[in-house]
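A.B. asks: next come a sequence and a model predicted from it.
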Amino acid sequence: MKNQVHLISYPNRLGGSTLKDLSRMLAGPLDGLFAGVHILPFFLPVNGADAGFDPIDHGTVDPQVGDWQDIQALGERTDITADLIVNHISVHSPQFSDFRQKGESSAHKDVFLSYRDVFPEGATEQALAHIYRPRPGLPFTRFLIAGQPRVLWTTFTDQQVDINVYSEAGWNYLQAILEVFAAHGVRTVRLDAVGYACKKQGTSCFMIPETFEFIRKLSHEAKTRGMEVLVEIHSHYQSQIAIAAHVDRVYDFALPPLVLHAIFRGTARYLKQWLHVSPRNAVTVLDTHDGIGVIDIGPGVVNGVPADGILPEAEIGELVETIHRRSRGESLRATGKAARNLDLYQVNCTFYDALGGRDDEYLLARALQFFAPGIPQVYYVGLLAGRNDVSLLQKTGEGRDINRHWFTEAEVLEQMRLPVVQKLSRLIRFRNTHPAFQGDVAILDSPDDSALRLRWTAGPEWAELAVDFQARTFRITGSEAGEGSIADFSLSPVDPRHD
């Protein structure tokens, strides 16, 4: 991945309903802003039970949005990241339909993971309770297979049946997808839900030692086909650090809640602690198609031992409540038991609304993201300073849809005229073009926890971000290189009436 700003977008929600529309946006109003684009699932079907993360055919582009030629054409002008959905496949897939009909005589019977594959002699209540779950309930669903009842693993929903990654058939299924990606110009493979892929009796079945070995093995296969690997895992921060040693890139999911906490509380204490140890091969985000994670900064279990989080639990609760308050209660309506298909560890809200729609604080947050160690990705809603889509939430009942607005081309052009979006665009161009960001980053000493200084240096070129969290101001200084005026990125103290 080029060390510049990348975009995260659905294939059909940014300026139109097809990949050609997305390409037109990148060549038009968004020209020069992004070195690459992570196209969220464009497989058949893009509008399934989990917004494309429940593929019926992972090797086919949904004709609603285009075809592989559209992916290749876009890849000729920008780097493409695509999702390899490692853990599961749709119950409507031809493989599962064949297995459901034929049972043990199906050629695909070994693709799917059954309860007895992991617990051949059954499981105790304690063993079942020990399984880590992203959502309420147990990760199993009863199906009729060739007329006989079978219990299969369904970690996320009963529409997504888990793949047996230990079987030859399951492994070959994943290899076939990698072959299709490589043949059509995908540069980076994002391993989605890979933390849940390996299940073993007597463990949590999440981020176990076998998971690390599996990720190394799968990453090797991607690299032999000329693709980089980005791992998506929401877990304890020490797991993020550990997995970073084995892959090209790992998400910095601890950054978004820590940035919010620093702005809300006026202190960089915990943000500084994280920046000193965060993986340097990270992809930084503030927002994605999922919610704002809090598990990534909270306590957990590492190697079977309880471990403290970055942020005290009481302050995590306060952080969540502040998001609910600043978003006028909209995030509360979209989070937890208030919305179906919930994730227990995420707050559903646009990042702009999590800050109460305050332009100055939003630009401060983006400046922190762009100066933090790693390569920045910007979600399409965040790029346009998007507000919560309460209407879509009410229509679908899906909490995450509050941050998945369908932008028409007219809406894109209208949002691009907003002062906050224009300033963000200048900040993106600065991050893309200043040569200092091709060097190394350092966290400089600051007088107290209300201040933070980040400095990138490459030879004689340098760029520095200085933040005063009490005043909620920042200033960027640097060598006279890159595109745009450094002075554009200085903020005056905020109006105290904001709070």
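C.D. replies: In hand now; what should we look at? Everything numeric here is computed off the predicted structure, so don't read it as measured data.
A.B. asks: can you list the weak-confidence ranges in the chain?
C.D. replies: For the chain, the stretches with pLDDT under 70 are 337-344, 482-499.
A.B. asks: closest to the centroid, which residue in it?
C.D. replies: Nearest to the mean C-alpha position of the chain, by Cα atoms, centre = their mean, lies residue 288 at 4.9 Å.
A.B. asks: now the strands: where do they sit in the stretch 351-499 of the chain?
C.D. replies: Along the stretch 351-499 of the chain, the stretches classed as strands by DSSP state E, counting those that start in this stretch are 375-379, 440-444, 451-458, 461-468, 473-478.
A.B. asks: list the contacts for the residue nearest to the centre of the chain?
C.D. replies: Listed by Cβ atoms under 8 Å, 6 or more residues apart in numbering, the contact set of residue 288 reads 8, 377, 379. The C-beta positions use only the backbone N, C-alpha and C, and glycine is treated the same way.
A.B. asks: related to what we said a few turns ago, for the strands of the stretch 351-499 of the chain, which one ends up most surrounded?
C.D. replies: Sort these by mean neighbour count, taking mean count of other Cβ atoms under 10 Å, and strand 375-379 sits at the top with a mean of 25.
A.B. asks: ok, and the closest non-adjacent residue to residue 332?
C.D. replies: residue 324 (4.4 Å; Cβ to Cβ, 6 or more residues apart in numbering).
A.B. asks: where does the one you found land in three-state SS?
C.D. replies: What DSSP: H, G, I helix; E, B strand; the rest coil gives for residue 324 is helix.
A.B. asks: burial count for it?
C.D. replies: Counted with other Cβ atoms under 10 Å, the neighbours of residue 324 add up to 19.
A.B. asks: before we move on, what about residue 250?
C.D. replies: Per other Cβ under 10 Å, the neighbour tally for residue 250 reads 27.
A.B. asks: so it sits in a strand?
C.D. replies: Yes. Assessed by three-state DSSP, residue 250 belongs to a strand.
A.B. asks: now do the contacts for it.
C.D. replies: Applying Cβ under 8 Å, 6+ apart, the residues near residue 250 are 230, 231, 233, 240, 243, 244, 279, 281, 282, 283.
A.B. asks: do the same with residue 326
C.D. replies: If you count contacts by Cβ under 8 Å, 6+ apart, residue 326 has them with 353, 354, 355, 356.
A.B. asks: again with residue 446
C.D. replies: Residue 446 neighbours (Cβ under 8 Å, 6+ apart): 268, 452, 453.
A.B. asks: and if we set it to 7 Å?
C.D. replies: Residues near residue 446 by Cβ atoms under 7 Å, 6 or more residues apart in numbering: 452, 453.
A.B. asks: for residue 276, see how far away it is.
C.D. replies: Residue 446 sits at a distance of 13 Å from residue 276 (criterion: Cβ to Cβ, to the nearest Å).
A.B. asks: okay, now residue 410: neighbour count?
C.D. replies: When counting by other Cβ under 10 Å, one arrives at 9 neighbours for residue 410.
A.B. asks: next: residue 57.
C.D. replies: Residue 57 has 16 neighbours, counted by other Cβ under 10 Å.
A.B. asks: quick check on it: phi, psi?
C.D. replies: Residue 57 adopts backbone torsions of phi -140, psi 100, taken as degrees, to the nearest 10.
A.B. asks: quick one: contacts for it?
C.D. replies: Per Cβ under 7 Å, 6+ apart, neighbours of residue 57: 43, 44, 93.
A.B. asks: and of the contacts of residue 326, the nearest to residue 191?
C.D. replies: Distances from residue 191 to the contacts of residue 326, taken as Cβ to Cβ, are shortest for residue 354 (26.7 Å).
A.B. asks: most remote residue from the chain's center?
C.D. replies: Most distant from the centre of the chain: residue 147, at 39.2 Å, with distances by Cα atoms, centre = their mean.
A.B. asks: run a quick neighbour tally on the closest residue in space to it that isn't next to it in sequence.
C.D. replies: Nearest residue to residue 147, sequence neighbours excluded (Cβ to Cβ, 6+ apart): residue 103, at 7.8 Å. Other residues lying near residue 103 total 15 when counted by other Cβ under 10 Å.
A.B. asks: residue contacts, residue 103?
C.D. replies: By Cβ under 7 Å, 6+ apart, the contact set of residue 103 is 109, 145, 146, 148.
A.B. asks: secondary structure element for the nearest residue to the first one once chain neighbours are set aside?
C.D. replies: It stands for residue 109. Distances taken as Cβ to Cβ, 6+ apart put residue 99 closest to residue 109, at 5.4 Å, once the chain neighbours are dropped. Residue 99 belongs to helix 94-102 when elements are defined using DSSP states H and E.
A.B. asks: against which helices or strands is that helix packed?
C.D. replies: With contacts taken as 3 or more Cβ pairs under 7 Å, 6 or more residues apart in numbering; DSSP states H and E, helix 94-102 sits against strand 140-145.
A.B. asks: contacts for the strand it packs on?
C.D. replies: With Cβ under 7 Å, 6+ apart as the test, strand 140-145 has contacts from 99, 100, 103, 115, 149, 150, 151, 152, 153, 154, 158.
A.B. asks: kindly report the same for stretch 351-359.
C.D. replies: In contact with stretch 351-359 (Cβ under 7 Å, 6+ apart) are residues 260, 263, 286-287, 292, 323, 326-327, 330-331, 361-362, 365, 382, 385-388, 419-420, 498.
A.B. asks: show the buried residues in these.
C.D. replies: If you count burial by 16 or more other Cβ atoms under 10 Å, the buried members of those come out as 260, 263, 286-287, 292, 323, 326-327, 330-331, 361-362, 365, 382, 385-388, 420.
A.B. asks: which segments of this structure make up each domain?
C.D. replies: Annotated domains of the chain cover 6-87+170-439, 94-162 [automatic domain parsing].
A.B. asks: just put those domains in CSV and tack on distance to residue 469.
C.D. replies: Below are the domains of the chain laid out as CSV (distance: least, Cβ to Cβ, whole Å):
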stretch, distance to residue 469
domain 6-87+170-439, 5
domain 94-162, 32
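A.B. asks: among those domains, which is the most enclosed?
C.D. replies: Across those, averaging neighbours per residue (mean count of other Cβ under 10 Å) puts domain 6-87+170-439 on top, at a mean of 20.
A.B. asks: and it, end to end?
C.D. replies: 18 Å (Cα to Cα, to the nearest Å).
A.B. asks: which of the contacts of residue 250 sits closest to residue 81?
C.D. replies: Within these, proximity to residue 81 (Cβ to Cβ) peaks at residue 230, which comes in at 6.6 Å.
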